[in-house]
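# using only what follows, build the 3D model:
(one chain, ligands or ions: 1)
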Amino acid sequence: MGVETEPVEAQCVSLEGRVYLDYNATTPLAPEVAQAVWDAMCQAWGNPSSSHPAGRKAKELIGSARESLARMLGGRPEDIVFTSGGTEANNMVIHTACRHFHESQRGTKNSQGTPHVVTSTVEHDSIRLPLEQLGKEGLAETTFVPVSPRSGRAEVDDVLAAIRPNTCLVSLMLANNETGVIMPVAELSQRICALNQRRAAEGLPRILVHTDAAQMIGKGRVDVQELGVDYLTVVGHKFHGPRIGALYTRSPGTATPLHPILFGGGQERSFRPGTENTPMIAGLGQAAELVSKNWEAYEAHMRDVRDYLEATLEASFGKQRIHFNSHFKGSRRLCNTCNFSILGPGLQGRRVLAHCKVLLASVGAACHSEKGDRPSPVLLSCGIPPEVAQNALRLSVGRGTTRADVDRAVQDLVQAVEQLERDRAP
Ligand SMILES: Cc1ncc(COP(=O)(O)O)c(C=O)c1O
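I've put the predicted structure just below:
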């Protein structure tokens with residue numbers, strides 16, 4: 001391995017000697033973000049809708065955070081709507097697409113009936129579950145396109161093949177939270193744009209395109225113009241920001257429909273009413289500024305440390321005992337994610353982690369952490385055999401992770417595995 005890159009950022013974090021390698025689950029606030037939140041709490045506590053100076057100050061901060069998000073994504077400030085988080089943003093897109101479908105069908109001769117959505121089998125629960133719920137209620141149909149076991153990606157041709165006359169939305173995540181595999185969103189948007197022109201001529205409903213960029217922001221290039229999407233989900237706590245989010249919509253309410261889930265006081269142009277959470281929005285703006293300025297340095301550092309982690313795992317356990325679950329030829333993957341299994345009986349990921357004294361990591365998506373020893377459905381969809389998938393560990397490094405952290409984490413894993421094997425010995 002080459003020379004170590006410097007950790008890019010200090011963090012407000014106390015780990016009492018533990019090594020945190022679970023940055024895909026969440027990230028600690030960057031110190032600049034914590035400062036921005038605190039400053040806004042102290043100085044911009046006014047109601048942003050008030051016309052006096054206290055209100056105007058809060059409104060200005062929100063405006064500048066909106067500009068920071070737009071800059072980070074390559075969009076315009078008016079395309080950003082702040083939300084409580086990624087779950088809300090994803091639900092809003094699904095709700096909008098179904099409503100828009102019904103509105104576009106009203107009064108047409110050849111109504112297409114129920115709205116249909118195309119997504120992949122490896123999306124976050126905040127996409128999968130609302131779609132399943134709509135399916136149970138008979139309000140929408142969904143095709144969950146399986147990822148290819150060769151690439152770990154939902155392939156563009158497979159997604160296009162799932163489109164029907166009544167399709168109103170295609171939603172494909174930009175990078176998967178468990179494997180880190182990056183999906184072909186830009187190519188998909190291009191093809192759907194061409195398809196939409198043909199559909200318009202045939203009187204078929206427009207297909208809206210959404211990507212959930214929760215895992216990609218701060219780890220790689222995210223530009224809405226290059227991606228060509230109508231909607232993009234932003235999740236603050238994945239890039240050292242506060243636990244709120246935003247939805248990018250290309251010209252909301254004009255070029256692209258956006259329908260609120262909540263109704264109230266008219267904030268966020270009534271797309272998402274409710275008195276704005278000024279401090280968190282200010283923090284999200286600061287987190288976006290850091291990403292805009294530094295994402296290439298973050299990416300280079302995390303890639304270096306992640307590659308060092310993978311080399312250290314192989315050196316410590318032996319190549320034949322480590323199976324990397326997200327090495328797919330020809331697919332790009334996130335710079336920070338290492339999903340692997342230590343092969344052998346009794347080495348289920350959850351058991352190994354329970355025997356670790358230093359390492360803090362996970363076996364997959366944090367929101368599935370209560371689901372026992374069942375192998376991750378995401379890994380199974382990627383064609384990983386169940387006996388390998390059940391041993392999976394997901395280690396995700398961050399901006400501040402060092403090679404020394406990696407050394408300690410891997411040593412801890414070695415000791416945990418030795419302990420488990422001793423316990424199994426007759
Ligand atoms: C890919 C992805 N989408 C959406 C979410 C949900 O975001 P939030 O926690 O802000 O609701 C997450 C977070 O776990 C995620 O990883």
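# near the ligand at all, the one helix or strand Lys293 maps to?
Assessed by DSSP states H and E, Lys293 sits inside helix 278-317. No. Figure legend: helix 278-317 not in contact with the ligand (Cβ under 6 Å from any ligand atom); closest approach 11.1 Å. In this view, the C-beta of every residue, glycine as well, is placed from N, C-alpha and C.
# and that helix, how far from the chain's centre?
A distance of 14 Å separates the centroid of the chain from that of helix 278-317, by Cα atoms, centre = their mean, to the nearest Å.
# skip ahead from that helix and say which helix or strand is next.
That would be, after helix 278-317 and using DSSP H and E, strand 322-324.
# thinking again about what came up before, got the buried residues for the helix holding Lys293?
Of all the residues in helix 278-317, those buried under the rule 16 or more other Cβ atoms under 10 Å are 278-291, 295, 298-299, 301-306, 308-310, 312-313, 316-317.
# quick one: list the elements packing against that helix.
Applying 3 or more Cβ pairs under 8 Å, 6 or more residues apart in numbering; DSSP states H and E, we find helix 278-317 packed against helix 31-43, helix 53-73, strand 322-324, strand 337-342, helix 403-424.
# OK, contacts around whatever residue of the stretch 151-300 of the chain ends up closest to the ligand?
Of all residues in the stretch 151-300 of the chain, Ala214 sits closest to the ligand, with a separation of 3.5 Å (Cβ to the nearest ligand atom). By Cβ atoms under 8 Å, 6 or more residues apart in numbering, Ala214 lies in contact with 86, 124, 173, 177, 233-235, 238.
# just the ones of those residues in helices?
Gly86 (DSSP state H).
# what's the farthest-apart pair in the contacts of Ala214?
Asn177 and Val234 (14.6 Å; Cβ to Cβ).
# so between those two, which is more surrounded?
Val234 (30 against 24; other Cβ atoms under 10 Å).
# thought the more buried one was touching Met216?
No. Using Cβ atoms under 8 Å, Val234 makes no contact with Met216, being 10.1 Å away.
# if we can go back for a sec, angle of the helix holding Lys293 against helix 31-43?
160 degrees (axes from the mean of the first three to the mean of the last three Cα atoms, to 10 degrees).
# next, the angle strand 337-342 makes with helix 278-317.
40 degrees.
# quick check: mean pLDDT of helix 278-317?
Computed over helix 278-317, the mean pLDDT rounds to 98.
# equivalent analysis for stretch 345-363, please.
So the average pLDDT for stretch 345-363 ends up being 96.
# can I get that stretch as PDB, trimmed to CA atoms?
The C-alpha trace of stretch 345-363 is given here as PDB (Å, rounded to 0.1, in the frame of the first residue of the first chain):
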ATOM      1  CA  PRO A 345     -18.800 -22.500  10.800                       C
ATOM      2  CA  GLY A 346     -20.300 -20.500  13.700                       C
ATOM      3  CA  LEU A 347     -18.900 -17.200  12.400                       C
ATOM      4  CA  GLN A 348     -22.200 -15.400  11.700                       C
ATOM      5  CA  GLY A 349     -21.700 -11.700  11.500                       C
ATOM      6  CA  ARG A 350     -23.700 -10.900  14.500                       C
ATOM      7  CA  ARG A 351     -21.800 -13.400  16.700                       C
ATOM      8  CA  VAL A 352     -18.500 -12.100  15.500                       C
ATOM      9  CA  LEU A 353     -19.500  -8.500  16.300                       C
ATOM     10  CA  ALA A 354     -20.800  -9.500  19.700                       C
ATOM     11  CA  HIS A 355     -17.300 -10.800  20.600                       C
ATOM     12  CA  CYS A 356     -15.500  -7.600  19.400                       C
ATOM     13  CA  LYS A 357     -14.300  -5.400  22.200                       C
ATOM     14  CA  VAL A 358     -13.100  -2.400  20.100                       C
ATOM     15  CA  LEU A 359     -14.900  -2.500  16.700                       C
ATOM     16  CA  LEU A 360     -18.300  -0.800  16.300                       C
ATOM     17  CA  ALA A 361     -19.800  -2.000  13.000                       C
ATOM     18  CA  SER A 362     -22.900  -3.700  11.600                       C
ATOM     19  CA  VAL A 363     -24.000  -6.700   9.600                       C
END
